[in-house]
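Student: Give the three-dimensional model of this entry:
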Amino acid sequence: MRRLAVLSCALTLALTGCGGGGSPGSGATVFPASTSVHTLAAAANVIPVTVNGGPGGRWVDMPYVSVTVCIPGSAAGCQTFNDIELDTGSYGLRLLADARDTSGNAFTLALPQETATGGAAVVECTQFTDGYSWGPVKTADVHIGGESASAIPIQVIGDPAYGTVPSACASTGKSEDTVASFGANGLLGVGPLVHDCGPGCLSNAGNGRYYVCPASGCTQSTASLDAQVRNPVVDFQTDDNGVIVELPAVPAAGASTVAGSLVFGIDTQGNNTMTGAAVLPADPSTGDITTTFNGTVLPESYFDTGSNAYFFSDGAIPTCSAGSIAPGFFCPASPLTLTLTNAGQNGLPSSVTIGVSSAVALLEANPGYTAFNDLGVSGSNQGSFDFGLPFFLGRNVFVAIAGANTSAGLGPYFAY
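Tutor: The predicted model follows:
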């Protein structure tokens, strides 16, 4: 999973005043979209996406949606949660145990516990780049807009009934088991694959993700595909072959909020057709594509709304100082225009242009803004270019699920 938490620059939006106003230094550029964003009427397969700071207004470049969760088969035992992070870089629904629903009520649904052979509870260690989340796998009916997935496995992060975290999980970084540390009430993973672990967890008990937890303590375990947390879109009755993320462009200085749409299905209705987009078939095992940047081929690249910036390696771009409001982010002396070439499994190239500006300049000049199209972070993966949320601003990005049929062929693929 590739959810990358916002660094401390986001926290300063809530904790300190950054002063100033207006736009960053001269030369900042608006990078035009490769496709225009649709104007969508209300429809069963469309839900709002907002970039608004999330819980407490503390988070930059994180998109949120609303999800309703029900006890399987129950029309009354349901709760609806806002501030669910939309993530095209992961798979499945995850809720925080301390989340509050839209009425301000605590998460109290008695969802059935997934169990392994012998009756032991199935619990998951969800690993992120900067930490981990621990919690049981439970079964729920999930309703998103007018779409529904019945009795699917989801994760409940931070469930106090499973408070003892195995050392093998806790050693992967800091805990993100609360709304405050996670930055959302939950996570909706709608990436190009189906399961959050897939075949890698079928026979390898040391997968680092799934555990069985009898009374004697938790041990790492294999997990069948049916038991794994999975992309809920594949269980929809219709519009089940992928999603489209549609977000408007923002000015070079950023925006206080952004309102867009998540559309379910590709070529299944009149509001989700795809014409003229560059199609990049992804690796069916990883969901990755290949990016060429500065003459270097990066075969582990991807498009991820769960990343709040462009994450990539470039030693020539200065980074913000450790004592600044944005340590680790890029801080070039003036805004940069970068050109990259993407290619999918079919090898057909697609050239894109992005911008990277000084995170410190942007945040200090616009302390109340939560959406920027030109934030970059120095990434540690030398073989990857992570096209985070800034790439999605001003584009329609199609995410086709592995094995699903569309007019552009079978998924998995990305298109824009």
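
Student: and Leu93, how many neighbours?
Tutor: The tally of other residues near Leu93 (other C-beta atoms under 10 Å) stands at 25. Using the backbone N, CA and C atoms, a C-beta is placed for each residue, glycine as well.

Student: could you list every residue that touches it?
Tutor: Leu93 sits next to 67, 69, 84, 140, 142, 152, 154-155, 186-189, 229, 232 when contact means C-beta atoms under 8 Å, 6 or more residues apart in numbering.

Student: Pretty sure Pro335 sits against Leu362.
Tutor: No. Using C-beta atoms under 8 Å, Pro335 makes no contact with Leu362, being 9.6 Å away.

Student: what about these two, which has more around it?
Tutor: Leu362 (28 against 20).

Student: residues in contact with the more buried one?
Tutor: Leu362 sits in contact with Pro24, Ala253, Gly254, Tyr369, Phe372, Asp374, Leu375, where contact means C-beta under 8 Å, 6+ apart.

Student: now the residues you listed in TSV, with distance to Thr102 and neighbour count?
Tutor: TSV is the format used below for these (distance: C-beta to C-beta, whole Å; neighbours: other C-beta atoms under 10 Å):
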residue	distance to Thr102	neighbour count
Pro24	36	24
Ala253	32	20
Gly254	28	27
Tyr369	25	23
Phe372	28	27
Asp374	33	30
Leu375	30	30
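
Student: Sort those residues by pLDDT and name the bottom one.
Tutor: Of all the contacts of Leu362, Pro24 carries the smallest pLDDT score, 30.

Student: Name the helix or strand of the chain that has the lowest mean pLDDT.
Tutor: helix 8-15 (a mean of 32; mean pLDDT, DSSP states H and E).

Student: any idea which helix or strand comes after that helix?
Tutor: Sequence-wise, the next helix or strand downstream of helix 8-15 (DSSP states H and E) is strand 46-51.

Student: Who are the packing partners of that next one?
Tutor: Packing partners of strand 46-51 (3 or more C-beta pairs under 8 Å, 6 or more residues apart in numbering; DSSP states H and E): strand 64-70, strand 258-264.

Student: before we move on, back to that, quick check, nearest of the contacts of Leu362 to Ser358?
Tutor: Pro24 (6.6 Å; C-beta to C-beta).

Student: What ranges in the chain fall below the confidence cut-off?
Tutor: Applying pLDDT under 70 to the chain flags residues 1-41.

Student: As a check, name the ranges of all helices in it.
Tutor: 8-15, 167-170, 179-182, 359-365, 389-392 (DSSP state H).

Student: Tell me the buried residues in the third one?
Tutor: Okay, so that is helix 179-182. Val179, Phe182 (16 or more other C-beta atoms under 10 Å).

Student: how about it as PDB, C-alpha atoms only?
Tutor: Presented in PDB, the C-alpha positions along helix 179-182 are these (Å, rounded to 0.1, in the frame of the first residue of the first chain):
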ATOM      1  CA  VAL A 179      -8.200   9.500  13.000                       C
ATOM      2  CA  ALA A 180      -5.700  12.100  14.200                       C
ATOM      3  CA  SER A 181      -2.600  10.100  13.100                       C
ATOM      4  CA  PHE A 182      -4.200   8.700   9.900                       C
END
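
Student: For Gly265, give me its contacts.
Tutor: Gly265 is in contact with Asn45, Thr238, Asp239, Asp240, Asn241, Gly242, Val243, Asn272, counting by C-beta under 8 Å, 6+ apart.

Student: How about it: what's its closest non-neighbour residue?
Tutor: Residue nearest to Gly265 in three dimensions, not counting chain neighbours: Asp239, with 3.0 Å by C-beta to C-beta, 6 or more residues apart in numbering.

Student: Surely the one you found touches Asn45?
Tutor: Yes. Using C-beta under 8 Å, Asp239 is in contact with Asn45, at 4.5 Å.

Student: Find the residues that touch each one of the two.
Tutor: Contacts common to Asp239 and Asn45, judged by C-beta under 8 Å, 6+ apart, are Glu147, Phe264, Gly265, Thr268, Gln269, Asn272.

Student: Looking at the residues you listed, state which has the most neighbours.
Tutor: Counting neighbours by other C-beta under 10 Å, Phe264 leads these with 28 neighbours.

Student: isn't that residue right up against Glu147?
Tutor: Yes. Phe264 is within contact range of Glu147, at 5.4 Å (criterion: C-beta under 8 Å).

Student: list residues touching both of those two?
Tutor: Asn45, Val233, Phe236, Asp239.

Student: next one: stretch 282-295 to chain centre, how far?
Tutor: Mean-position distance between stretch 282-295 and its chain equals 17 Å (C-alpha atoms, centre = their mean, to the nearest Å).

Student: Nearest residue to Ala249 in space, please, no chain neighbours.
Tutor: Per C-beta to C-beta, 6+ apart, closest to Ala249 is Gly394, 3.1 Å.

Student: now that neighbour: how far from Thr406?
Tutor: To Thr406, Gly394 is 23 Å away according to C-beta to C-beta, to the nearest Å.

Student: before we move on, what about Tyr91?
Tutor: Counting by C-beta to C-beta, the separation of Tyr91 from Thr406 is 19 Å.

Student: more crowded one of the two?
Tutor: Remark: of Tyr91 and Thr406, Tyr91 carries more neighbours, 28 against 21, as counted by other C-beta under 10 Å.
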